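>>> Okay, sequence plus prediction incoming.
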Amino acid sequence: MLELRHLRTLIALRDAGSLVEAAERVHLTQSALSHQLKDLEERLGSPLFLRKTRPVEFTRAGQRLLALAEQILPQVRMAERDLARLAGNEQGRLHMAIECHSCFQWLMPTIDYFRDHWPEVEVDIPGGHHFDPLPALAREQLDLVITADPQPLAGVHYEPLFRYQGLLAVAKQHRLAGRAWITPEDLADETLITYPVEHARLDVFSQFLDPAGVEPREIRTAELTIMMMQLVASGRGVCALPNWALTEYLERDYVRGVALGEQGMWSTLFAAIREETREAPWMEDFLRTARETSFAVLEGIKPA
């Protein structure tokens with residue numbers, strides 16, 4: 001009567017808070033997900049959650065199955081790891097690079113969890129390298145690259161992790177602070193604060209300013225997000241960051257966030273890996289852990 005997919009669906013529904021977002025997380029259409037849940041409720045003879053509630057409110061039957069899912073699914077995952085070890089596929093190396101200054105918020109918990117469950121896999125983030133990460137991945141100097149800028153390379157696979165919205169951070173008293181969204185032309189007279197990377201690898205240029213042929217009045221760089229926020233809050237410039245990187249500053253009413261364009265500027269974050277490691281059990285587990293951790297700790301992201 002019960003299948004693992006049912007338990008995973010209920011967990012996704014609880015975590016996402018709505019049928020639409022839960023369907024995206026389990027890679028089903030909303031119609032297919034609704035049918036699956038209705039079929040399960042008919043088998044059990046009891047509703048599992050209250051329709052048209054947000055976040056979703058579960059019935060006592062639904063809460064009991066959620067408790068079961070929290071017990072069973074981790075054990076299933078542990079058994080899958082053990083079976084991979086018994087098959088002799090556990091050895092590996094995971095040296096990675098991160099083309100994302102604000103990714104450590106979800107990546108560090110992912111790495112900690114992975115190290116606990118795959119101690120035999122060598123995990124490292126080499127520092128001080130003076131090469132482009134993606135070509136280095138193809139040359140086997142690295143094993144994984146977190147990037148939002150995929151490049152066509154032979155033997156390299158890009159695994160989508162999640163989608164995120166870029167927002168413009170402005171001071172509370174800034175002339176754009178009350179706007180719902182801005183146009184590229186609105187930045188023509190602004191000082192834009194960025195991380196010290198090539199402009200072509202920054203979404204605000206590649207997706208927003210460059211297509212419109214607009215350049216900001218001035219560009220200055222800062223190494224750390226907190227430094228950027230201090231500059232923005234003091235009115236010394238504006239900056240574009242992923243929505244999750246701005247969450248704590250918006251909640252503290254430190255700055256304001258404005259959408260870039262009427263439809264918003266959305267990008268996808270990828271894990272670039274070599275095709276040869278794509279089906280390694282430890283790599284599959286790392287990618288699954290990365291997705292689960294990011295949705296647990298980040299706000300405003302969507303399934304890719």
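Okay, I see it. Numbering: from 1, shown residues only.

>>> before we move on, what SS does residue 257 have?
With DSSP: H, G, I helix; E, B strand; the rest coil as the basis, residue 257 sits in strand.

>>> and stretch 6-14, which residues are buried?
6-7, 9-14 (16 or more other C-beta atoms under 10 Å). Glycine gets a C-beta too; all of them are placed from N, C-alpha and C.

>>> hang on, I meant stretch 280-295
Neighbour count says stretch 280-295 has 280-283, 285-287, 289-295 buried, by 16+ other C-beta under 10 Å.

>>> Which members of those occur in helices, if any?
Among those, DSSP state H puts 281-283, 285-287, 289-295 in helices.

>>> re the thing from before, tell me which two of the buried residues of stretch 6-14 sit farthest apart.
6 and 14 (12.9 Å; C-beta to C-beta).

>>> follow-up on the earlier one: so which of the ones in helices among the buried residues of stretch 280-295 is the closest to residue 267?
When these are ranked by distance to residue 267 (C-beta to C-beta), residue 294 comes first, at 13.9 Å.

>>> re the thing from before, by pLDDT, rank the ones in helices among the buried residues of stretch 280-295 and give me the bottom one.
Minimum pLDDT across those is recorded for residue 281, with 85.

>>> So it sits against residue 80, correct?
Yes: using C-beta atoms under 8 Å, residue 281 is in contact with residue 80, at 7.4 Å.

>>> which ones are touching residue 102?
Contact analysis of residue 102 by C-beta atoms under 8 Å, 6 or more residues apart in numbering lists 225, 241-242, 244-245.

>>> Rebuild those as a markdown table, extending it with distance to residue 100 and neighbour count.
Converted to a markdown table, the contacts of residue 102 look like this (distance: C-beta to C-beta, whole Å; neighbours: other C-beta atoms under 10 Å):
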| residue | distance to residue 100 | neighbour count |
| --- | --- | --- |
| 225 | 11 | 21 |
| 241 | 11 | 26 |
| 242 | 8 | 24 |
| 244 | 11 | 21 |
| 245 | 9 | 22 |
